[in-house]
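Peer 1: Take this sequence and fold it.
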Amino acid sequence: MTILRGATTPFPGEATIPALFAEQVRTRPDALALIDGDQALTYRELDERTNRLANLLRERGAGPEVRVGVLLDRGHEMIAAMLAVLKAGGAYVPINKAYPVERRRTMAVEAEVSLLVTQELIDLAAAGPSTPVAVDAAAGSRSLAYVLFTSGSTGRPKGVMVEHRSVLRLVRETDYVDLGPDERIAQVADPSFDAFTFEVWGALLNGGTLCIIPTAAVLGPGQLKQALAQHRVTTMVLATALFAEVMADRPDTFTGLRNLLVGGDVLNVAHARRLVEDPEHRPARLLNVYGPTETTTFATYAVVEAVDADARSITIGSPIANTSCYVLDADRKPVAAGESGELFIGGPGVARGYMGQPEQTRDRFTADPFDEAGDARMYRTGDLVRGGPDGMLQYLGRIDDQVKIRGYRVEPGEVEAALSSHSQVQQVAVVAERSGGDRRLVAHVVPASPELAPAELRQFLAARLPEWMVPALFVLSEQLPLTTNGKIDKARLPEVPDQFAADTAAQPRTELEKELAAITAEMLGLGSVGITDDFFALGGHSLLAMRLLSRVNDQFDTSVGLGAYLDEPTVERLAAEVSDGR
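Peer 2: Just a heads-up that it's a prediction; the model follows:
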């Protein structure tokens, strides 16, 4: 039977995040806790700063089970705010400032946020009296620690509720990495991405140093390598999509790392092989990690030491410590080794459930019949896997329609629901397709009016959904194919036309513009682009922009920065930057 159990280790399952942080403050008060540009805070300094804010939050009503929104830029103040919320006994809810206002409002409502930490509140706490000790918050290991949002098939984002003990199972007394005071962990993930949990608490609850890498350095061509070396980073997590971009462009980036954890999507075999077969630049350990947000970041891992020449995939490995994996059939019975089935995950890493969505919670979080503890639960992942005789799992795909876009989970149904709210949309189907090495969303729309344009739909969604949930392409049709039951037949949707190769596009005027337009069109998978066309309106995204600039800089021996291009993402502006840099 395919029942896999990770090692049982004595992680502090009865403790809380603030309690374990306090241990580090007592034993290592002058050690560097985090560094963010010119801001460097010791454990004592971070403790005192967060105490002031924690006490202020308590005065305003924070306490056990109270959700506190954190609306700040990624950086040291966001880290301090989250720790302060936990010290006050509450649960933090990261709300990305870059998200559309409506999306931020929806997250706050869904999470029942009653307090909000903004820069104004940070400044108010900093100006207050020194309070070396935070008030007793009375939170316990089963208290709510945070709420993270994932895409929802019903059209509503799902707020995943994670308790303190689940975080501690991830980063303390575990076996997939050896975390200690000498670790310097890179902080590169968006706070809404669950890798953030490992980065922050993996460092601060083990006496290590959290090194906050600016977004420009993460995405800037060649800059990540410099940033990792500058901060002497030893361990980092990288989303699979970003790992692929870095490997395609700067495969020597990870030189000197002890641990490089890659996860969020299927790991590219060629990239993994290229890295592990490069003894000069490979990290000491490359780990392929897997785990839904609902099981607290990581559930399985595999140390990739070699990749066979005929390998078609990279195993997602076996359970991390204090985690169980079950491969079950449709009747929820364990399948035999070598057979495929749906992956269920058990153990203390399993989240409490979805905020305010009891039906979804009952469907995904169920009693664990394979655990001796009477109250144990398991999470139904919706992932199809196969367990081998060696106890290693192979990921085979999704059972439902959920897809990964640049590491983020996207339910096409949520995008369809948002598009359907447009008054001029009569019918819509959203599907994911491959374009080169990327996966992109395509929206097929039947407009109620012939005047409806793709640009209007893109603008409509951009005001409601995160950037990674906005389809790369919008295809307008008079009708969509239906099944005999009257449902949209997604298998027979029309082929995507090259809708941007229009005669009205502004044509290149110089040989340089012509070359850059050709490169841009190739990156986007289009026949051609105009020199004034917006890169992102054509379906581009930040990782693709990073790849584009890397190629342009190499080909034309220049150094166009990502920031300059993002200000005006057109061939015309890119040509001007290249000319200036020569």
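Peer 1: Could you pull out the strands in the stretch 101-250 of the chain for me?
Peer 2: Along the stretch 101-250 of the chain, counting by DSSP state E, counting those that start in this stretch, strands occupy 115-117, 144-150, 158-163, 184-187, 209-212, 235-239.
Peer 1: Could you say which one of those strands comes nearest to residue 294?
Peer 2: Smallest distance to residue 294 across the strands of the stretch 101-250 of the chain (Cβ to Cβ): 5.4 Å, for strand 158-163. In short, each C-beta sits where N, CA and C put it, glycine included.
Peer 1: Let me know the angle separating the closest one from strand 144-150.
Peer 2: 160 degrees (axes from the mean of the first three to the mean of the last three Cα atoms, to 10 degrees).
Peer 1: Phi and psi next, for the residue positioned nearest the centre of the chain.
Peer 2: With distances taken as Cα atoms, centre = their mean, residue 193 lies nearest the centre of the chain, 3.3 Å away. With angles defined as degrees, to the nearest 10, residue 193 sits at phi -100, psi 130.
Peer 1: re earlier: ok, which of the strands of the stretch 101-250 of the chain comes nearest residue 296?
Peer 2: The minimum distance between residue 296 and the strands of the stretch 101-250 of the chain falls on strand 158-163, with 5.7 Å, by Cβ to Cβ.
Peer 1: contact partners of that closest one?
Peer 2: For strand 158-163, the surrounding residues in contact (Cβ atoms under 8 Å, 6 or more residues apart in numbering) are 91, 93, 107, 110-111, 141-152, 197, 293-294, 296, 351-357, 360.
Peer 1: Could you list the low-pLDDT ranges of the stretch 151-300 of the chain?
Peer 2: 152-155 (pLDDT under 70).
Peer 1: Recalculate using a threshold of 90.
Peer 2: 151-157, 192-193, 215-223, 239-250, 264-271 (pLDDT under 90).
Peer 1: can you count the residues close to residue 170?
Peer 2: Per other Cβ atoms under 10 Å, the neighbour tally for residue 170 reads 29.
Peer 1: what do you get for the one 4 residues further on?
Peer 2: Other residues near residue 174 number 22, with proximity taken as other Cβ under 10 Å.
Peer 1: Surely it is in contact with residue 319?
Peer 2: No: assessed by Cβ atoms under 8 Å, residue 174 is found out of contact with residue 319, at 10.9 Å.
Peer 1: burial of residue 566, as a residue count?
Peer 2: 15.
Peer 1: and residue 45, which of the three is it?
Peer 2: Three-state assignment for residue 45 (DSSP: H, G, I helix; E, B strand; the rest coil): helix.
Peer 1: tell me the contacts of it?
Peer 2: Per Cβ under 8 Å, 6+ apart, neighbours of residue 45: residue 33.
Peer 1: Helices along the stretch 351-500 of the chain, start to end?
Peer 2: Under the criterion DSSP state H, counting those that start in this stretch, helices of the stretch 351-500 of the chain are mapped to 358-364, 412-420, 454-462.
Peer 1: so which of the ones you listed gets nearest residue 489?
Peer 2: Going by Cβ to Cβ, the one of the helices of the stretch 351-500 of the chain nearest residue 489 is helix 412-420, 14.5 Å.
Peer 1: Output that closest one in CSV with nothing but the alpha carbons.
Peer 2: Taking Å, rounded to 0.1, in the frame of the first residue of the first chain, the C-alpha atoms of helix 412-420 are listed here in CSV:
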residue,chain,number,x,y,z
PRO,A,412,-10.0,29.1,-14.1
GLY,A,413,-13.4,29.3,-12.5
GLU,A,414,-12.5,32.3,-10.4
VAL,A,415,-11.2,34.1,-13.5
GLU,A,416,-14.4,33.1,-15.4
ALA,A,417,-16.5,34.4,-12.5
ALA,A,418,-14.8,37.8,-12.6
LEU,A,419,-15.1,38.1,-16.3
SER,A,420,-18.8,37.1,-16.2
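Peer 1: Give me the helices and strands touching that helix, please.
Peer 2: Packing partners of helix 412-420 (3 or more Cβ pairs under 8 Å, 6 or more residues apart in numbering; DSSP states H and E): strand 425-435, strand 438-447, helix 454-462.
Peer 1: hey, which of these is tucked in deepest?
Peer 2: strand 438-447 (a mean of 21; mean count of other Cβ atoms under 10 Å).
Peer 1: sorry, back to before: from the contacts of strand 158-163, which would you call buried?
Peer 2: 91, 93, 107, 110-111, 141-152, 197, 293-294, 296, 351-355, 357, 360 (16 or more other Cβ atoms under 10 Å).
Peer 1: Can you verify residue 508 is assigned to a helix?
Peer 2: No: counting by three-state DSSP, residue 508 is located in no helix; its state is coil.
Peer 1: Now for residue 555, how many residues are close by?
Peer 2: Residue 555: 12 surrounding residues under other Cβ under 10 Å.
Peer 1: For residue 239, which residues are in contact?
Peer 2: Contacts for residue 239 (Cβ under 8 Å, 6+ apart) come out as 189, 193, 195, 262, 263, 264, 265, 406, 407.
Peer 1: so what's it bridging to?
Peer 2: Beta-bridge pairing for residue 239 (DSSP bridges): residue 263.
Peer 1: gap between it and residue 219?
Peer 2: Distance from residue 239 to residue 219, counting by Cβ to Cβ, to the nearest Å: 12 Å.
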